[in-house]
Structure formats: C-alpha cells, structure tokens
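Peer 1: Got a predicted model here, sequence first, then my questions.
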Amino acid sequence: MDEAKRKAEDKKTQEKEAKQKLKEKQRLKDEEKKDKKDDAKKRTASASVSSALASSVTSSYSDTNIAIRVTKPLNSNGLDSESDSSSLPASYTSSPTNSLTSSSLGAPLSPIASAAVTVEARKPSVVGIAPGSKAKKPKQYIQDNSSHYSTLIDLLMRNSFLLMRAMEPYVKRSDLDRTAKDFIAFLGWREITLDYIKSAIRQDVDHAESEGTLFRTNSLLTAIMSNYCQRIGKQYLKNVLGPCVQWLQESTLPFEIDPAQVDNAEVIKQNIFNMNYLANKFFKAILNSNDVIPFEVREIANTLQTAVLKRFPNSKYTAVGGFFFLRFVCPAVLAPETFDVILSDEHSAALRRPLVLVAKILQQIANDQKFNEPHMEPLNELISKWTFKVHQFFDLLVKKDTAALQKERDRVLEQMRDSEELERNLLERVEIPSILGVHRFVAEHVEECVAKFTAKERELGYNPAEELAELFVEMGPLPDPERAKVRAQSVASKK
C-alpha cells in the first residue's frame, strides 16, 4: 500500500515538474518576443534619425519594405503644414495620408522638416514571397522556424482551441478533405488531434439548437473526425470489414432489388434474401468487434454521448450512431480502398451497388429510421432485428477505457518533457506539404480573425489573433508551394 502511494506521489511530482518546465519555456519565449519588439522599436527610431540626415529620397523606396510617413510636416520656419504648406514639396501633399512611397521628395529637406519624418518598417508578406527576396527551400524554412511552429500550435490550441475553431468557417467545401488531413498531421506532431475533436464536440453540442443538426453537415470538424478515425482505425477496418468485402468479391450472387433495374418479381425476392444475408455478415462482424475498436474511437464516442446526454438525452444512440457509422464505418464500406482492400477492376462497378445498400442500412440504423421507398421497405425487417443489438453495442462502445486513457496521457506527458527534441523531430513526424498547408491556410485568414476578435476584445481582455499575425511576420514569407509539392512527390516515389 505504501509502495503504491509512493509511486502515485512520484508520478504527481513528475507531472508537476513537467508543467513547470513548460511554463518556464513559455516565459522565456515571451521574454524573447518582447526583446525582439523592443529591438524593432529601436531600429525604427534609428531609421528616423538617419532619414533626417538624408538629402533626398528616391522612388526606389517603392520597391522596398520601407514606407516613409509624414506625421506632422514642418516648413522651414518651424510652422506646421496646416499653417503654411506652400514650403513643402508637392509630393508631400499629393497623398491624403502624406505617405511617400513612390515619388521623389524633390528638394532636400531642412533639418527641422526632416525631424517630422518617420520611417516605418512595413510588415513583410505573410503568404507571398517578398519582391526581390530569395525564397528558402521548404525543408530549410521549416527547420529554421521549428520553434515558431511550436508557438503556432500553442496558439491554435490555447483556450480550448479558440483560434482554430475561429478558422473553421473559412475552409472551402472543395478543400475540406485536404485541409482536414493537413491539420490531422500537424496536430499529430503534438498528439493533440484527439484533444481538438473532444473539445470541439463539447462546444458544438453546447451550442446546438436541436439534436437533428449535430454533426450532420460537412465541416472541418466532421472531416477531421472522419479522416482521423479512418487513419487510426485503418487496421481495425481491414480486419473487420475486409473478410466481408472479400466474400462479396468471390460471390456470384446478385443483389439488385430495384424494380427499375430488374423486372422479374421472383428474382427481386431472391435478391432481397441475398441482400439480407450480406448485410447480416457485415452486422455480425461489426458487433463482434467491440474488444478491438481503437481507443481513440471509443474516446470520441464517450465524449459525444456524455455531452449529448446533458442536452438531448433522447438522442444518445443516434448521436453515437451518427459518428460511428456515418463518419467511420460507412465511408470505409463505400470505399474499401481506404483500408487497402482493392476491388477487382472486372467486378468493381457490380460490387459497389451492394456496398451502397449495406451503407444505407447502417445509416438508417444510425438515424433510428426505416426506409420509405417501396423497393427498400423489405429491408426494414432487418433494421428492426438489429436495432436493439446495435444499441447494446453502443453501450459497450462508449464505456471509458480508463487504463488506455491513462496510458495515452503518460505517453503525451513523456513527449512534453523534452519539447526541444519534439521541435527537432517536426520534419520526421509531419510531411512538408502538411506543415506548409496549415501555415498557408491560417496565414491567409489571420487578418479576418483579427477583425473577428476585435469586437470581443473587451470580453476576452485581448485579441488572440494579433499574436498569430505577429508570429507570421517574424517567420517571413512562405517558400514556393510548388517546390514543396515537387519535394513531396519525390519522397513518395522513393517509398
């Protein structure tokens, strides 16, 4: 008993030390960032003094990252421009903002007039490559910015993934799958993809207007849920569904039950029997697989049902079914290639139809509904037969695996202890296109996020997106995306 108590205390001490180490590292990063800002201010002040000594400024400034702005121009008598602007060169007054970026100042400025001119460093392009600058190779760029990428992931996950959730509406429907895979890979660097999914589920359930809208639309969250589960559950899907698909490939039975396709009533009756037999094979395989379902899938199902029970207690099975079948199993049934079961070219088209029917049956059970189409109604008996057993399966599915959860926490904690090593391993754990894909997406929408949170600054006490914008300025322009694409193709061809 004493030994167990001592081990528990040692573990708590280790966790406390790890958290303190992380806090200390974050403090050092904040201090370093503050020092950089102070240095930038000093350089700006120095540039102002230098500009006062300059005799003229040429139009070449328009091609650089320096903008000259007259804050309160003075004439040679020391009067401000509102009193007498006639002594100023025409280029001073040609712009409403008194910003001189593309024209010469003309006559040399007097010391007094020069003193009113300040030089500001323009923010470099966040996404594009600055004119005249030499872009780094993608790999070198990422290596040089590994600590910045660590900060990026910290900012995205802060306050229950506040910034990442704010970015979700900006993903185009056509880009959902690719963007989801990029984020899964990037968040996987820190092993926090599951944390994001669980946090987002709780938030969405809390704000849902009705249970019917829960996770039924395609969004970045649902795309990440589906792709993540299919990635970590690939072997599970292959072991459970693979034999069923293989049986189908070897079978010579017909399965078409639509009268529009088959005009013989006796044939349709036999095909309904065949379809029932096939669907039963899939049901039995799935319902007997509870012991081998990946821990992450169980965690998501548990989080979902726990959240739904608080707001929509009557939807505890449909919510879990919507996730497990619609987002995890059905996509795999429709596309066995995702778990490396390739349909033969000769019979591919014929095999797709019965797989679609199996997926539809699973979907009806997930939604707790039956078919209304006359030719599908004979399958409702099958749905009635399996619904209760599926609910029992869900009850087992959502049971929390405490041992597996603790093991996962210990593993993540172990990684957190050496965050510097984690930074060095970025390129080993995440492919270059995924890193740059996340970077580019967030950078393209960071200004929209700044504007979005401006209205909430009083409530939050700060604008969380401003720090993100400053980070991208520090990182400099992204490398050529085409170069990263070629590099990815090259790596893939060698595997």
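Peer 2: Yep, that arrived. Owing to the predicted nature of the structure, the values given are computational and were not obtained by experimental measurement. Numbering: from 1, shown residues only.
Peer 1: domains of this protein?
Peer 2: Split into domains by automatic domain parsing, the chain comes to 46-122, 190-398.
Peer 1: ok, V262 - contacts?
Peer 2: The contact partners of V262, by Cβ atoms under 8 Å, 6 or more residues apart in numbering, come to E256, I268, N271. (Each C-beta comes from the backbone N, C-alpha and C, glycine too.)
Peer 1: element containing M225?
Peer 2: helix 220-232 (DSSP states H and E).
Peer 1: Ok, T151 next?
Peer 2: helix 146-167.
Peer 1: Check which helices and strands that helix is in contact with.
Peer 2: When contacts are defined as 3 or more Cβ pairs under 8 Å, 6 or more residues apart in numbering; DSSP states H and E, helix 146-167 packs onto helix 2-53, helix 176-188, helix 193-207, helix 419-424, helix 432-454, helix 464-475.
Peer 1: for P479, helix, strand, or coil?
Peer 2: Secondary structure assignment for P479 (DSSP: H, G, I helix; E, B strand; the rest coil): coil.
Peer 1: same check, this time on A260
Peer 2: Classification of A260 using three-state DSSP returns coil.
Peer 1: ok, now T303?
Peer 2: T303 - assigned by three-state DSSP - is helix.
Peer 1: which residue packs closest to it, ignoring adjacent ones?
Peer 2: The shortest distance from T303 to any non-neighbouring residue, by Cβ to Cβ, 6 or more residues apart in numbering, is to K198 (4.5 Å).
Peer 1: My read is that the one you found contacts E299, right?
Peer 2: Yes - between K198 and E299 there is a contact under Cβ atoms under 8 Å: 6.8 Å.
Peer 1: pLDDT score assigned to N98?
Peer 2: At N98, the predicted lDDT confidence score is 37.
Peer 1: oh, I was asking about A113
Peer 2: Reported pLDDT for A113: 37.
Peer 1: so how many other residues sit close to the closest residue to R231 other than its chain neighbours?
Peer 2: The shortest distance from R231 to any non-neighbouring residue, by Cβ to Cβ, 6+ apart, is to I184 (6.8 Å). Burial of I184 is recorded as 22 neighbouring residues (other Cβ atoms under 10 Å).
Peer 1: Check the one 5 residues further on too.
Peer 2: Look at W189: counted by other Cβ under 10 Å, it has 22 neighbours.
Peer 1: Repeat that for G322.
Peer 2: G322, neighbours per other Cβ under 10 Å, totals 22.
Peer 1: cool, R298 as well?
Peer 2: Counted with other Cβ under 10 Å, R298 comes out at 20.
Peer 1: That one contacts D401, doesn't it?
Peer 2: Yes - counting by Cβ under 8 Å, D401 is a contact partner of R298 at 5.7 Å.
Peer 1: How much space separates W386 from A443?
Peer 2: 48 Å (Cβ to Cβ, to the nearest Å).
Peer 1: ah, wrong one, I meant E337
Peer 2: E337 is 33 Å from A443, where distance means Cβ to Cβ.
Peer 1: V267 now?
Peer 2: 59 Å.
Peer 1: Who has more neighbours out of the two?
Peer 2: Taking other Cβ under 10 Å, V267 and A443 do not tie; A443 has more neighbours (22 against 13).
Peer 1: Do I have it right that the more buried one meets F472?
Peer 2: Yes - counting by Cβ under 8 Å, a contact exists between A443 and F472, whose distance comes to 5.0 Å.
Peer 1: that older thread, quick one: which of the domains of the chain is nearest P479?
Peer 2: Evaluated over the domains of the chain, closeness to P479 peaks at domain 46-122, with 18.2 Å, by Cβ to Cβ.
Peer 1: pLDDT weak spots in the stretch 251-400 of the chain?
Peer 2: 346-347 (pLDDT under 70).
Peer 1: hey, where'd the helices end up in it?
Peer 2: 265-287, 295-311, 316-321, 330-334, 348-366, 380-397 (DSSP state H, counting those that start in this stretch).
Peer 1: for the ones you listed, which one sits closest to L155?
Peer 2: Judging the helices of the stretch 251-400 of the chain by Cβ to Cβ, what sits closest to L155 is helix 295-311, at 23.6 Å.
Peer 1: contacting residues around K360?
Peer 2: Applying Cβ under 8 Å, 6+ apart to K360 gives the contacts F371, M376.
Peer 1: Look up how far S210 lies from it.
Peer 2: 24 Å.
Peer 1: Same question for L155.
Peer 2: On the measure of Cβ to Cβ, L155 and S210 end up 33 Å apart.
Peer 1: Which one's more surrounded, those two?
Peer 2: Neighbour count, other Cβ under 10 Å: between L155 and S210, L155 has more, with 18 against 9.
Peer 1: where does that one land on pLDDT?
Peer 2: 95.
Peer 1: Does it touch A469 like I think?
Peer 2: No - in this structure, L155 is not within contact of A469 by Cβ under 8 Å, at 10.4 Å.
Peer 1: Nearest to K234 among the helices of the stretch 251-400 of the chain would be which one?
Peer 2: helix 330-334 (8.7 Å).
Peer 1: Tell me which residues touch E296, please.
Peer 2: L194, Y228, C229, I232, G233.
Peer 1: Verify the contact between the first one and I300 for me.
Peer 2: Put plainly, it is L194. Yes - at 7.4 Å, L194 counts as touching I300 under the criterion of Cβ under 8 Å.
Peer 1: And those two? Which one has more around it.
Peer 2: I300 (25 against 20).
Peer 1: for the contacts of E296, which one is nearest K310?
Peer 2: Using Cβ to Cβ, the contacts of E296 come closest to K310 at L194, 20.7 Å.
Peer 1: got a list of what that closest one touches?
Peer 2: By Cβ under 8 Å, 6+ apart, the neighbours of L194 are Y228, E296, E299, I300, E408.
Peer 1: cutoff 7 Å now
Peer 2: Residues near L194 by Cβ atoms under 7 Å, 6 or more residues apart in numbering: E296, E299.
Peer 1: now do the one 5 residues further on
Peer 2: For S199, the set of contacting residues under the criterion of Cβ under 7 Å, 6+ apart consists of S160, F161.
Peer 1: pLDDT at it, what is it?
Peer 2: pLDDT, read off for S199, is 96.
Peer 1: now N65
Peer 2: At N65, pLDDT is 37.
Peer 1: go on, the one 4 residues further on?
Peer 2: The confidence metric pLDDT takes the value 35 at R69.
Peer 1: I appreciate the help and will end here.
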